[in-house]
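Chemist: no FASTA, just this:
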């Protein structure tokens, strides 16, 4: 389980995170939803130890973030994470060199799933293709959790549907997923849990099926109610 | 440990074209200057019977030697060396910033590798040192080749043999770059390494605190500079009226240098582990 | 072939629980005969991938269907549609009942006499049936 408790972060005299708490279990697909600037990406970065927080704790299966947790949690940011001079296959080999959890079999499967050419240079990838390659890098390891920052941004509609497919495919498997988005429509039916973030605080966190069941509301309905109120 | 070596390999690999480029420029400029000057002088001697451009004070025999050639071409020799120094000086910064800037946000990956973050620091430091000593070794390997070329360009009756040490002493740049004295060598490169460590710490301060970090970085560098220079100037080394013996001043200086180096490493590791921001 | 088109192009709405929509989908497929008694159905993972839904939701839907005795799972063998004809009858009446209720709900406000309504229904029904027999392509399902 990824447990985030009472995260507080100030940056340039602004409270970017203002006491954020939530948990994501293994096998669960959770989504951090918020408008731009709500602090979604910052939460993911904080979980990966890529930005300091003033207060709060982050535990992954009970342990603090450190080099061991980087094998357990893979992170798919919204930008390139391998040097642009590398060919895609060199990027994959780099990952295999460093991560014990890297699964070359799954990497091959994913490259085929997204139709990527291993001979292409990373620096030459279009925004959408780069996003797909990022997904390959993040999903290929046998990690227990996957964090994805805006996996749908910059990707055309056709590929988006394809992308949504990975959540219901075996490529995610029984991992826990935490993703961020500001457009819920595509993935509304794919997520188990929605965590609504506004102004650096969790304003509501709920089980999507239960809200449909009990209140007859879609995630978008709740989002409109809570975030645009 | 294994991952540290992989990171070093990666850093060297990323710089390889620039490194080979600097080596190529060095070889081409130096050899061209050497051949040009030597041949001109040989032609001069053959035409007029005297060596016009041989300094009679330094080379009383009025014969051409390799040391003479190095002496006469030292400006040309210095050019690629200064270029290399400037490039490496710039790369001390770029080795960090290239991972943040532009489309290449490799720092996201580097910081989330399942290895201690100090390995990132150590690999970048090792890479810089490898580049410095790689270029110096290249220069050292180039000198015998240049001597062979010199011997081929100048007829035996016009030249006299000279040891390498004379050639190195004949050039202001070589004298500083390749100190023949071991202590001098340790002092020069020791200060160099301390400077790189301090600059790394300053860069990481900036990367951690951004705008305010620029200020912290400059303050830190200034503090290091003052700490290192203070004993040498204020306590008076080689001054007759100094309160302390030179040995004592040197001991203090050595201790200060070690403290500055250790503080820079400690600060850098701490920033990388706790404060760094992508 | 058959299996692919059976589960393709299903549009879920986002206000009703997805697992209940999946259960309803199965009931419809059973009522139309697309799913036969005793037929092996896709695994939870397969159905999740085919319908592009969360595997947890597929799991929940299958559990619900097992509770309603729509499907049976014995040991490690794949789940099958029940052979219980009682269940089939109740699915049929449930779907028809639901459709009629919805229909009545929408015409209630128009205040139309029952005879006229029934006559209209009879005529439309015949039309649709004729259409369906002439051109198999017309799906006529909304």
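Modeler: In hand now; what should we look at? Keep in mind it's a predicted model, so treat the numbers as computed, not measured. Numbers count the residues shown, from 1 in each chain, chains lettered A, B, ... in the order given.
Chemist: in which helix or strand would I find the residue nearest the centre of chain A?
Modeler: The centre of chain A sits closest to residue A:148, judged by CA atoms, centre = their mean, with a distance of 1.6 Å. For residue A:148, the host element (DSSP states H and E) is strand A:145-149.
Chemist: quick one, helices of chain C?
Modeler: C:2-7, C:18-31, C:44-51, C:55-67, C:85-107, C:114-134 (DSSP state H).
Chemist: how many neighbours does residue A:27 have?
Modeler: 16 (other CB atoms under 10 Å in any protein chain shown). C-beta: built from backbone N, CA, C; applies to glycine.
Chemist: what's the answer for residue B:190, then?
Modeler: 14.
Chemist: give the contact list for it.
Modeler: residue B:257 (CB atoms under 8 Å, 6 or more residues apart in numbering or on different chains).
Chemist: how near is it to residue C:88?
Modeler: 89 Å (CB to CB, to the nearest Å).
Chemist: likewise residue B:147?
Modeler: Residue B:147 is 100 Å from residue C:88, by CB to CB.
Chemist: and what of residue B:245?
Modeler: Residue B:245 is 106 Å from residue C:88, by CB to CB.
Chemist: Per-residue pLDDT of the nearest residue to residue B:3 once chain neighbours are set aside, please?
Modeler: Spatial nearest neighbour of residue B:3, chain neighbours left out: residue B:115 (4.2 Å); criterion: CB to CB, 6 or more residues apart in numbering or on different chains. Looking at residue B:115, its pLDDT reads 93.
Chemist: ok, now residue B:56?
Modeler: 60.
Chemist: Residue B:147 and residue C:88: which has the busier surroundings?
Modeler: Set residue B:147 next to residue C:88 and count neighbours by other CB under 10 Å: residue B:147 wins out with 20 against 17.
Chemist: Would you confirm that that one contacts residue B:66?
Modeler: Yes: the pair residue B:147 and residue B:66 passes the contact test of CB atoms under 8 Å, sitting 4.9 Å apart.
Chemist: Identify the contacts common to the two.
Modeler: residue B:167.
Chemist: worst-scoring helix or strand of chain C, pLDDT-wise?
Modeler: Within chain C, no helix or strand scores below helix C:2-7, which has a mean of 60 by mean pLDDT, DSSP states H and E.
Chemist: In the helix or strand that residue A:22 is a member of, which residues are buried?
Modeler: If you go by DSSP H and E, residue A:22 is part of strand A:14-24. For strand A:14-24, a neighbour-count test (16 or more other CB atoms under 10 Å in any protein chain shown) marks A:16-18, A:20, A:22-24 as buried.
Chemist: From the residues you listed, pick the one nearest chain B.
Modeler: Nearest to chain B out of those is residue A:16 (CB to the nearest CB; 11.3 Å).
Chemist: wait, doesn't that closest one sit right on residue A:7?
Modeler: No: assessed by CB under 8 Å, residue A:16 is found out of contact with residue A:7, at 9.5 Å.
Chemist: Please, which helix or strand holds residue B:108?
Modeler: Residue B:108 is located in helix B:107-111, with elements delineated by DSSP H and E.
Chemist: does any bit of that helix sit next to chain A?
Modeler: Yes: contact of helix B:107-111 with chain A (CB under 8 Å from any CB of the partner chain) involves B:108-109, B:111.
Chemist: for chain B, what are the nearby residues on chain A?
Modeler: Taking CB under 8 Å from any CB as the contact definition, chain A meets chain B at A:45, A:48-52, A:67-68, A:70-71, A:75, A:77, A:79-85, A:94, A:97-100, A:123.
Chemist: Now, these that are in helices?
Modeler: A:45, A:70-71, A:94, A:97-98.
Chemist: same question for stretch A:215-222, mean pLDDT?
Modeler: 90.
Chemist: Check stretch A:181-195 too.
Modeler: 86.
Chemist: Next: stretch B:3-18.
Modeler: pLDDT averaged over stretch B:3-18 gives 95.
Chemist: Please identify the buried residues of that stretch?
Modeler: In stretch B:3-18, counting by 16+ other CB under 10 Å, buried: B:3-4, B:6-8, B:10-12, B:14-15.
Chemist: Next, format the residues you listed as a markdown table and append secondary structure.
Modeler: Formatted as a markdown table, those follow (DSSP: H, G, I helix; E, B strand; the rest coil):
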| residue | secondary structure |
| --- | --- |
| B:3 | helix |
| B:4 | helix |
| B:6 | helix |
| B:7 | helix |
| B:8 | helix |
| B:10 | helix |
| B:11 | helix |
| B:12 | helix |
| B:14 | helix |
| B:15 | helix |
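Chemist: Can I get those residues in CSV including distance to residue C:50?
Modeler: Shown next, in CSV, are the buried residues of stretch B:3-18 (distance: CB to CB, whole Å):
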residue, distance to residue C:50
B:3, 42
B:4, 47
B:6, 42
B:7, 44
B:8, 49
B:10, 43
B:11, 47
B:12, 50
B:14, 45
B:15, 50
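Chemist: Can you name the residues of chain A that neighbour chain C?
Modeler: Counting by CB under 8 Å from any CB, the residues of chain A that sit close to chain C are A:27-29, A:161, A:164-165, A:167-170, A:172, A:188-192, A:209, A:212-213, A:216-221.
Chemist: Pull out the buried members of the residues you listed.
Modeler: Of these, these count as buried by 16+ other CB under 10 Å: A:27-29, A:164, A:167-169, A:172, A:188-192, A:209, A:212, A:217-219.
Chemist: Would you point out which residue is most central in chain C?
Modeler: Note: chain C centre (CA atoms, centre = their mean) maps to residue C:28, 1.4 Å.
Chemist: continuing past the helix or strand of chain A with the lowest mean pLDDT, what's the next helix or strand?
Modeler: The least trusted helix or strand in chain A, going by mean pLDDT, DSSP H and E, turns out to be helix A:157-168, with a mean of 75. Per DSSP H and E, helix A:157-168 leads on to strand A:176-181 as the next helix or strand towards the C-terminus.
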